[in-house]
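Colleague: Quick one: sequence plus predicted model below, questions after.
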Amino acid sequence: MAGSNFVDYIKIFCRSGKGGPGSTHFHREKYITKGGPDGGDGGRGGHVIIRGNKDLWTLIHLKYARHIFADHGQGGSKSRSFGKDGKDQVIEAPIGTVAYDGETGEFIAEVAEHGQEHFLCKGGRGGLGNWHFRTSTNQAPRYAQPGEPMQERTIVLELKVLADVGLVGFPNAGKSTLLSVVSAAKPEIANYPFTTLVPNLGIVPYRDNKSFCIADIPGIIEGAHEGKGLGLRFLRHIERNAILLFMVPADANDIKKEYEILLNELGQYNPELLDKQRLLAITKSDMLDEELKEALSENLPNDTKTIFISSIAKTGLMELKDLLWEEINKEENRVMTISHKPIDLKTIPRDEDETEKETAIEDEDDEKFAFRGIGWDEQFDNE
């Protein structure tokens, strides 16, 4: 997955369609002098809908299509003919996309399955024609309801990648190297911090033609939950992983301390992450002999399974795969529903081409939403 093509955050402006107005037509036919009201109802305005698509992996298709407008409903006509409904606008999004309100940061919806749909903006209902308002004392009503107005709002879409295993570690802990060795992924690897700037996904082949997915998350540093380093930009991707594989290099000053710092950062960001199954891999262990491994093992966390691996020497990799596969297939480690908290819009970096101007768009011919004392609440309470 090319870094320039990975877009996991986008802000779009959505507007649904207005409902079409009802008709005030009266029946006219030869030899029928007083045919009475026969105005039809207006059509519903189009919805703006987000739909899950398992074939998408990024939000790049929305990068240059940030204004999503649904069609307006058409007005009713004679002979009680209904107006045509406005065409819906469907936004295809990868599985794991979460929608937030762009003004308040409140959670709106999450796309967790292929084909799952959620309304972002509902289209306005069509107005009732004058045929609905005929009574014994008012047999020729010369009024009809206008269509319900449209909705418009700014939406923030965030992608939280779906993977079986998430790699968690400080910069240069060997995460990208491990991914390149156990899968066909080709992440950038270099001897400087934050070489990985975007998450990388790799499919790891396993025994009997089985496989599982690993996500390489950009390096975490102390204070990441406060926005340091790459900060919150990629911590959200860990929420969708079933297993967290912590990676600490064998030449670290204090392996247990580094592990606890990483664990604290995840807990500060989202306490639910501490409930996920965790494994600890000591990387670059080709520089250790058995005696040193035994010495290091005495100072490792007791509540976490630990394994020594070396991506360069390719030692311990098969044992690591066996351990990951075993944990992935445990029922208690399945990815459960995540409770999404509101986002702080100030912490999200703005895109280069995102302008400061207001995106609110007003329709010049927007009609007043009331007439002759007959309101929408009164007419549609029982729908």
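Modeller: Happy to help now that I have it.
Colleague: Enumerate every residue touching the closest residue to Lys34 other than its chain neighbours.
Modeller: Leaving aside its chain neighbours, Lys34 sits nearest to Ala140 (7.9 Å; criterion: CB to CB, 6 or more residues apart in numbering). Every C-beta, even on glycine, is put in place using the N, C-alpha and C of the backbone. Contacts of Ala140 were listed using CB atoms under 8 Å, 6 or more residues apart in numbering, and they are 26, 34, 36-37, 134.
Colleague: how about 10 Å then?
Modeller: Applying CB atoms under 10 Å, 6 or more residues apart in numbering to Ala140 gives the contacts 26, 34, 36-37, 130, 133-134.
Colleague: ok, now Ala99?
Modeller: Contacts of Ala99 by CB under 10 Å, 6+ apart are 12, 14, 50, 91, 93, 107-111, 118, 120, 155-158, 340.
Colleague: Give me the domain ranges for the protein.
Modeller: The record's domain parsing of the chain by automatic domain parsing lists 1-160+340-383, 163-333.
Colleague: Please tell me how far the first one is from the chain's geometric centre.
Modeller: Between the mean C-alpha point of domain 1-160+340-383 and the mean C-alpha point of its chain there is a distance of 20 Å (CA atoms, centre = their mean, to the nearest Å).
Colleague: Same check on the last one?
Modeller: Averaging C-alpha coordinates over domain 163-333 and over its chain gives two centres that are 24 Å apart (CA atoms, centre = their mean).
Colleague: related to what we said a few turns ago, pLDDT score assigned to the residue nearest to Lys34?
Modeller: Looking at Ala140, its pLDDT reads 87.
Colleague: Give me the three-state assignment for it.
Modeller: Secondary structure assignment for Ala140 (DSSP: H, G, I helix; E, B strand; the rest coil): coil.
Colleague: swap in Tyr100?
Modeller: Applying three-state DSSP: Tyr100 is strand.
Colleague: now Glu239
Modeller: Quick answer, by three-state DSSP: Glu239 is helix.
Colleague: Quick check, it in contact with Gly96.
Modeller: Yes - counting by CB atoms under 10 Å, Glu239 touches Gly96, with 9.1 Å between them.
Colleague: Can you pick out the residue with more neighbours from these two?
Modeller: Shown here are Glu239 and Gly96; by other CB atoms under 10 Å, Gly96 has more neighbours (23 against 20).
Colleague: which residues does the more buried one contact?
Modeller: Gly96 is in contact with 8, 52, 57, 110-112, 158-163, 236-237, 239-240, 335, 338, counting by CB under 10 Å, 6+ apart.
Colleague: just checking, Leu157 touches Phe13?
Modeller: No - assessed by CB under 10 Å, Leu157 is found out of contact with Phe13, at 11.8 Å.
Colleague: Please consider this matter closed, and thank you.
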